[in-house]
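> Below: sequence and its predicted model.
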Amino acid sequence: MHDTTIRKKILVCCGTGCLANNSYSIYERFVEKLKDNPNITVETSIKATGCNGLCEKGPVVKIQPDDISYFKVSIEDVDEIIEKTIINGQIINRLLYLDTNQKKRIVNHMDASFYKHQHKIALRNIGEIDPLCIEDYIERDGYKALHKILFEMSPEEVIDEVEKSGLRGRGGAGFPTGVKWRTCASFNNFPKYVICNGDEGDPGAFMDRSIMEGDPNTIIEGMIICGYAIKSNKGFLYIRDEYELALKNMQAAIDNARSHGYLGKNILGSGFDFDLEIVRGGGAFVCGESSALMASIEGNVGEPRAKYIRSVEKGLWDQPTVLNNVETWANIPPIILNGANWFKEIGTDTNAGTKVFSLVGKVKNTGLVEIPMGTKLSELVFDIGGGIINNRPFKAVQTGGPSGGCIPKEHMDVPLDFDSLSKMGSMMGSGGVIVMDDTTCMVEIARYYMDFLSEESCGKCTTCREGIKLMLNILTNITEGKGELEDIDVLESLGNTIIKASLCALGKTAPNPVLTTIRYFRDEYIDHIVNKKCPAGVCKNLTTYFIDEETCIGCGICRKKCPVDAISGSLKEVHVIDEGICIKCGNCFTACPKDAVKIGGAAYAY
Amino acid sequence: MLIKIDGKTYKGHPGETLMEVARRNGINIPSLCYKKGFEGLGRCRLCLVEVSEGKRSKIVSACVYPIKEGIEVTTITDEIIKMRKDIILLLLLRAPDNEYIQQLVKEYEVKAPERYIQNDNDDCILCGLCVKACEKLGTKAISLVNRGITKKVSTPYDDPSKDCIGCGACAETCPTNAIKLEESNGIRTIWNRDFDLVKCSICGKYYTTLDALKFIEDKLASNEEHICDTCKKKSTASKFKESFQHIY
């Protein structure tokens, strides 16, 4: 049905993922083609929005109010979309989302398995509004919470509400936000500061980036509310300099909010003053640690300090400071507006609300997912993520970035909340979830994280700097076939010392990837050390490929996939791999339809 | 403020760190990065002790831990010894030939497995005392640069620093003798820069650099006599002696 009375909204995703796939040109093409187009009788508006989450299937174009979502749109599709969908109300089947779980194409993306299970609070506006347009934010109840606190609530009542909601810091540690605010408010020492930690650094995590890019005003509103609650007049946003679009959109939003009277002196005539300033971080991972971040804002080397005196008492320039993560700030306005009880209803008893996860790795649907706390890990990977690419065997997930750990498939029913993940030896962290299949080597994963941390530790304390270095050396030896069984004991013993003796949270959690892989995949370590074999075929020194004569049907797929012509064999006859030529890329292993390619151990003794 | 260390009660002042109370009372807590007069740095981690507050106990670093009324401190437990051994092992792998580290290795009976020893010896254990000393003097010529395993102490871009006065305070405070300071023919070389040495006007020995003298004179806005520490002490002592002779 084609209705000419309704205004049509075309939302073109211009999050970083879609932008990389040329979505801004698509947006421009729509603008150009719809301008003065005599065939168009409906009133249209085109918006460049923030990230829709399903980056893998971008660029995404949504048409409202018809609720039609198109994926993998290219610039050549624009004319057809205008012609068929905008003018004639037809759906272009080819561009609809193919749901691999439901095995059909879906018109409205909200019906897709990827989105159906989601509950958006922090991401509520992203993909629906133009982040540069403050009116869009206001239209979706933006700054209503600010009105409410300024004219209907005392600072004490604001803190009560946040505390009652049970919101816990989304940056990783899960400290109760309300308690943090209350403690800071209790100190009679001014000025006080409010800080937004936008130094997202975990490999594979991009939720904070997405919020800063796609809905900057919600962060601003959250921070003003905190400023009012703890009687602070100044806030800082610490954003890593690599996040170019986030910096641009945040700055534009701050300027806009100021000119609308939401920031600056005498906000909305309430008598309350509050302003924000962006500080650009140099990209050091450790500056995501709160005390290192504050040192960096002060202009000092980004090194953490001992926090026997908390930053709520002595933080930035030794003044009382509340620091929260981007996602935490994005939760504040809805909590104030809808009340603590509304928020508490979502999630579990001790983990209220939702959490944004960035689902990446060997999973079919990668992207940003916001789900209620306590959702099972299996639901995230299989129902939302659609399972493993090429339906390979699932092995483990890594949560929490370099501070987190690996959870094996036996524990896939673990509820995703702060406490359950910690019990597993892993961590919520910022919400990065990396899915791994049978071609992932767990020793190599541990080695990778130690390598990352050896560069990203600030290097201040001995245990973290030298401890990670020694762990890295030992793990490198094991992946190269030079490990010995006692190395596992040394890794465990040293890991425990690093956890207990290091100065800051980076060091105190750094051994987690090593300790959890030993805990859940000890056999794989032993395979590397004793049998000189990498069962995943990742560690090249410890891998050979051979073709099982019994299983090979001689289809020739492996021969075609081999980049160095190491495989020979005639059609319908058993194929053979020449070990001397083989570069161990594993193409034949993943390509074989009959699993006839097998992984063997080292070609020679080390 | 009263606190207990290894079962005995000691008096401390608000704002004091555990290390300060311990050192004042002759209690030995090992440390490489603590120096009296400097604020604690918490870098070397050797000063870990166990603090109990009511039923809760935790491992803290004594040089940065501000004391609280009623805490009970244990400076040696099996757990602490194990951690110190691990830390000494890590330092040994970094600075295997260092005399000071070797002393600790002997004391704590640490042995490094041969396989873990790599050939990138560095006497510097990054305690940061030299940087603090330079900062306290007001010169700020050196700092900790880079991060992670590439962290080191240096001048900006490893170039000869125009802020360095060649005073040698950094080398003086270094617990592992890692900072190279060479002197020959009236020239002192440190941090890739040469400095002219100045002779004591009494004993005639070289005792400081021209730049250091100028720095002090600028700070004090006066012209000091060029006298070395030893001669200064002697001359003060003789003045005392003289005046006391008149009294008795």
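In hand now; what should we look at? Residues are numbered from 1 along each chain as shown, chains lettered A, B, ... in the order given.
> need the longest helix for chain B.
helix B:229-247 (DSSP state H).
> Need the CA coordinates for that helix. PDB is fine.
Included here for helix B:229-247 are C-alpha records, laid out as PDB according to Å, rounded to 0.1, in the frame of the first residue of the first chain:
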ATOM      1  CA  ASP B 229      81.100  19.700  50.800                       C
ATOM      2  CA  THR B 230      84.100  18.300  52.700                       C
ATOM      3  CA  CYS B 231      85.800  21.600  53.000                       C
ATOM      4  CA  LYS B 232      82.600  23.400  53.800                       C
ATOM      5  CA  LYS B 233      82.100  21.000  56.800                       C
ATOM      6  CA  LYS B 234      85.600  21.500  57.900                       C
ATOM      7  CA  SER B 235      85.400  25.300  57.800                       C
ATOM      8  CA  THR B 236      82.100  25.300  59.600                       C
ATOM      9  CA  ALA B 237      83.500  22.900  62.200                       C
ATOM     10  CA  SER B 238      86.500  25.100  62.800                       C
ATOM     11  CA  LYS B 239      84.300  28.200  63.200                       C
ATOM     12  CA  PHE B 240      82.400  26.300  65.900                       C
ATOM     13  CA  LYS B 241      85.500  25.200  67.500                       C
ATOM     14  CA  GLU B 242      86.800  28.800  67.600                       C
ATOM     15  CA  SER B 243      83.600  30.200  69.200                       C
ATOM     16  CA  PHE B 244      83.300  27.400  71.700                       C
ATOM     17  CA  GLN B 245      86.900  27.900  72.800                       C
ATOM     18  CA  HIS B 246      85.900  31.500  73.900                       C
ATOM     19  CA  ILE B 247      83.000  30.200  75.900                       C
END
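> That one: how far from the chain's middle?
In terms of Cα atoms, centre = their mean, to the nearest Å, the centre of helix B:229-247 is found 31 Å from the chain centre.
> What helices and strands are in contact with that helix?
Helices and strands touching helix B:229-247, by 3 or more Cβ pairs under 8 Å, 6 or more residues apart in numbering or on different chains; DSSP states H and E: there are none. (Each C-beta comes from the backbone N, C-alpha and C, glycine too.)
> average pLDDT across that helix?
Mean pLDDT, computed over helix B:229-247, is 85.
> for stretch B:168-188, same thing?
pLDDT averaged over stretch B:168-188 gives 94.
> close to chain A, is it?
No: using Cβ under 8 Å from any Cβ of the partner chain, stretch B:168-188 stays clear of chain A, coming no nearer than 12.5 Å.
> Could I get the buried residue list for that stretch?
B:G168, B:A169, B:C170, B:A171, B:T173, B:C174, B:P175, B:T176, B:A178, B:I179, B:R188 (16 or more other Cβ atoms under 10 Å in any protein chain shown).
> now swap in stretch A:410-424 and tell me
Neighbour-count burial for stretch A:410-424 [16+ other Cβ under 10 Å]: A:H411, A:M412, A:V414, A:P415, A:L416, A:D417, A:F418, A:S420, A:L421, A:S422, A:M424.
> so how far does that stretch reach from one end to the other?
12 Å (Cα to Cα, to the nearest Å).
> Then stretch A:236-253?
Start-to-end, stretch A:236-253 (Cα to Cα) is 14 Å.
> right, is that stretch up against chain B?
No: Stretch A:236-253 stays clear of chain B (Cβ under 8 Å from any Cβ), getting no nearer than 14.6 Å.
> Up against chain A, what does chain B have?
Residues of chain B lying near chain A (Cβ under 8 Å from any Cβ): B:42-46, B:48, B:59-61, B:64-66, B:79, B:82-83, B:86-87, B:90-91, B:93-94, B:113, B:115-116, B:118, B:125-126, B:128, B:143-144, B:146-151.
> So what does A:D241 look like in phi/psi?
phi -70, psi -20 (degrees, to the nearest 10).
> Give me the buried subset of the residues of chain B next to chain A.
B:42-46, B:48, B:60-61, B:64-66, B:79, B:83, B:86-87, B:90-91, B:93-94, B:116, B:125-126, B:128, B:143-144, B:147-149, B:151.
> wait, A:F357 sits on A:I371?
Yes: the criterion here is Cβ atoms under 8 Å, and A:F357 meets it with A:I371 at 7.0 Å.
> which residues are common contacts for those two?
Taking Cβ atoms under 8 Å, 6 or more residues apart in numbering or on different chains as the criterion, A:F357 and A:I371 both touch A:L380, A:L416.
> which of these two has more neighbours?
Between A:F357 and A:I371, counting by other Cβ atoms under 10 Å in any protein chain shown, A:F357 is the more crowded of the two (25 against 22).
> Provide the secondary structure category for that one.
Following DSSP: H, G, I helix; E, B strand; the rest coil, A:F357 is assigned to strand.
> So the closest residue to A:L146 other than its chain neighbours, which state does it fall into?
Nearest non-adjacent residue to A:L146, counting by Cβ to Cβ, 6 or more residues apart in numbering or on different chains: A:E221, 5.4 Å away. With three-state DSSP as the basis, A:E221 sits in helix.
> Quick one: residues contacting A:S420.
A:S420 touches A:G374, A:V414, counting by Cβ under 8 Å, 6+ apart.
> and after the helix or strand in which it is found, which helix or strand comes next?
Using DSSP states H and E, A:S420 maps to helix A:418-423. Using DSSP H and E, the helix or strand that directly follows helix A:418-423 along the chain is strand A:432-437.
> Could you list the paired strands of that next one along with their orientation?
strand A:354-361 (parallel), strand A:394-399 (antiparallel) (DSSP bridges).
> Going by neighbour count, which residues in it are buried?
A:G432, A:V433, A:I434, A:V435, A:M436, A:D437.
> Would you convert those into TSV that also reports pLDDT?
As requested, those are exported to TSV (pLDDT from 0 to 100):
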residue	pLDDT
A:G432	91
A:V433	94
A:I434	94
A:V435	95
A:M436	95
A:D437	94
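> Adding distance to A:T590, write the residues you listed out as TSV.
Output for the buried residues of strand A:432-437, formatted as TSV (distance: Cβ to Cβ, whole Å):
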residue	distance to A:T590
A:G432	25
A:V433	22
A:I434	19
A:V435	16
A:M436	14
A:D437	10
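> ok, those vs chain B, which is closest?
A:G432 (20.3 Å; Cβ to the nearest Cβ).
> Let me know whether that closest one touches A:P203 as I believe.
Yes: with contact defined as Cβ under 8 Å, A:G432 counts as touching A:P203 (7.0 Å).
> Overlap of the contact sets of these two?
Joint contacts of A:G432 and A:P203 (Cβ under 8 Å, 6+ apart) are A:G401.
> still on that earlier bit, now pLDDT too, for the buried residues of stretch A:410-424, in CSV please.
Shown next, in CSV, are those (pLDDT from 0 to 100):
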residue, pLDDT
A:H411, 94
A:M412, 92
A:V414, 95
A:P415, 96
A:L416, 95
A:D417, 94
A:F418, 94
A:S420, 94
A:L421, 92
A:S422, 91
A:M424, 88
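> how about A:C558, what does it touch?
Contacts of A:C558 (Cβ under 8 Å, 6+ apart): A:I547, A:I567, A:H575, A:N587, A:C588, A:A591, A:C592, A:V597.
> any chance of those residues in a markdown table, plus distance to chain B, neighbour count and pLDDT?
Shown next, in a markdown table, are those (distance: Cβ to the nearest Cβ, whole Å; neighbours: other Cβ atoms under 10 Å in any protein chain shown; pLDDT from 0 to 100):
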| residue | distance to chain B | neighbour count | pLDDT |
| --- | --- | --- | --- |
| A:I547 | 37 | 21 | 95 |
| A:I567 | 38 | 23 | 96 |
| A:H575 | 41 | 24 | 96 |
| A:N587 | 34 | 19 | 93 |
| A:C588 | 35 | 23 | 95 |
| A:A591 | 39 | 16 | 93 |
| A:C592 | 38 | 22 | 94 |
| A:V597 | 35 | 24 | 94 |
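> Quick one: neighbours of A:E43, just the number.
Around A:E43 there are 11 residues (other Cβ under 10 Å).
> nearest residue to it other than its sequence neighbours?
Using Cβ to Cβ, 6+ apart, the nearest residue to A:E43 is A:R7, at 4.4 Å.
> OK, contacts around that neighbour?
A:V42, A:E43, A:T44, A:S45 are the contacts of A:R7 under Cβ under 8 Å, 6+ apart.
> Go again with 7 Å.
A:V42, A:E43, A:S45 (Cβ atoms under 7 Å, 6 or more residues apart in numbering or on different chains).
> Many thanks, have a good one.
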